[in-house]
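Student: got a predicted structure here, sequence first:
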Amino acid sequence: MKLSNELLMKTNYKNPLYSVYQGMKKRCYTPSTSGYKNYGGKGIGVCKEWKNSFNAFCEWAINNGYYYDTDEPRAKKLSIDRIDSNKDYCPENCRLITLSENTKRAIIGRVVSEETRKKISVAHKGKFLTEDHKKKLSICSKGKGKNNLNAKKGFYKMYDKNHNLIKIFNRPKDIEVFFEPKRVALGTINSAAHKNGYRKTAYGYIWEYTNES
């Protein structure tokens, strides 16, 4: 249901436009408000015309296309946006856009402070991979092709714990069929089949991968 302009003009906490007005003033003049540091804390204020009159703000909003439809998704509802984020709330510097557009604009226009950049830099120190770690990542990356086993054509040999060869599998599907009805994680077998793999066995068997015929 779309609210009438008469209802939007009423000074009432249930009025969505009045809530927008109150939120705007709190961000600029109430230090205890969560967003104050990004508005009032940076010297952003509300022009005298709006600050002293809800009706003046309301008339501007309605004349510029504001409406409120209770059945419309929240992301599509209109909100007030400052064209220049360094200037005050006033008719010349404000427009109405949807909440989703406002959110995107805030993310795109966000300026990362020098302090934040330093924190990011410190957080990433020591993140360079060792050779051993790279090898492990390489092993884990193998088999990201079909069925999460090595994408290159090869053979998987299955041994018992005494290293007696039991079976050779040419296809990942053959391994699944062999273990049916039990479901096996092919990635687990893959990690045990390589010499540098972190597993020694998988499902009670020793595995070996080879691309040699």
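Tutor: Nice, thanks for sending it over.
Student: can you give me the distance of A202 to N164?
Tutor: 16 Å (CB to CB, to the nearest Å). Quick note: C-beta positions are derived from backbone N, CA and C, even for glycine.
Student: quick one, which of the two is more surrounded?
Tutor: Comparing A202 with N164 by other CB atoms under 10 Å, the one with more neighbours is A202, at 20 against 8.
Student: burial measure for the residue nearest to the more buried one when sequence neighbours are not counted, as a count.
Tutor: Sequence neighbours aside, A192 is the residue nearest to A202 in space, at 4.0 Å (criterion: CB to CB, 6 or more residues apart in numbering). Number of residues near A192 (other CB under 10 Å) recorded here: 20.
Student: that's a helix at A192, yeah?
Tutor: Yes - according to DSSP: H, G, I helix; E, B strand; the rest coil, A192 belongs to a helix.
Student: which pLDDT value goes with it?
Tutor: A192 carries a pLDDT value of 85.
Student: pretty sure it contacts I206?
Tutor: Yes - the criterion here is CB atoms under 8 Å, and A192 meets it with I206 at 7.4 Å.
Student: joint contacts of the two?
Tutor: Counting by CB atoms under 8 Å, 6 or more residues apart in numbering, the shared contacts of A192 and I206 are K200.
Student: any low-confidence regions in this structure?
Tutor: Along the chain, segments meeting pLDDT under 70 span 1, 13, 103-130, 132-153, 195-198, 212-213.
Student: helices and strands around the longest helix along it, which ones?
Tutor: The single longest helix within the chain, with elements called by DSSP state H, is helix 16-29. Of the remaining helices and strands, those touching helix 16-29 by 3 or more CB pairs under 8 Å, 6 or more residues apart in numbering; DSSP states H and E are helix 48-51, helix 54-63, strand 78-82.
Student: please work out which of those is packed deepest.
Tutor: strand 78-82 (a mean of 19; mean count of other CB atoms under 10 Å).
Student: out of the helices and strands packed on helix 16-29, which is closest to N93?
Tutor: strand 78-82 (5.4 Å; CB to CB).
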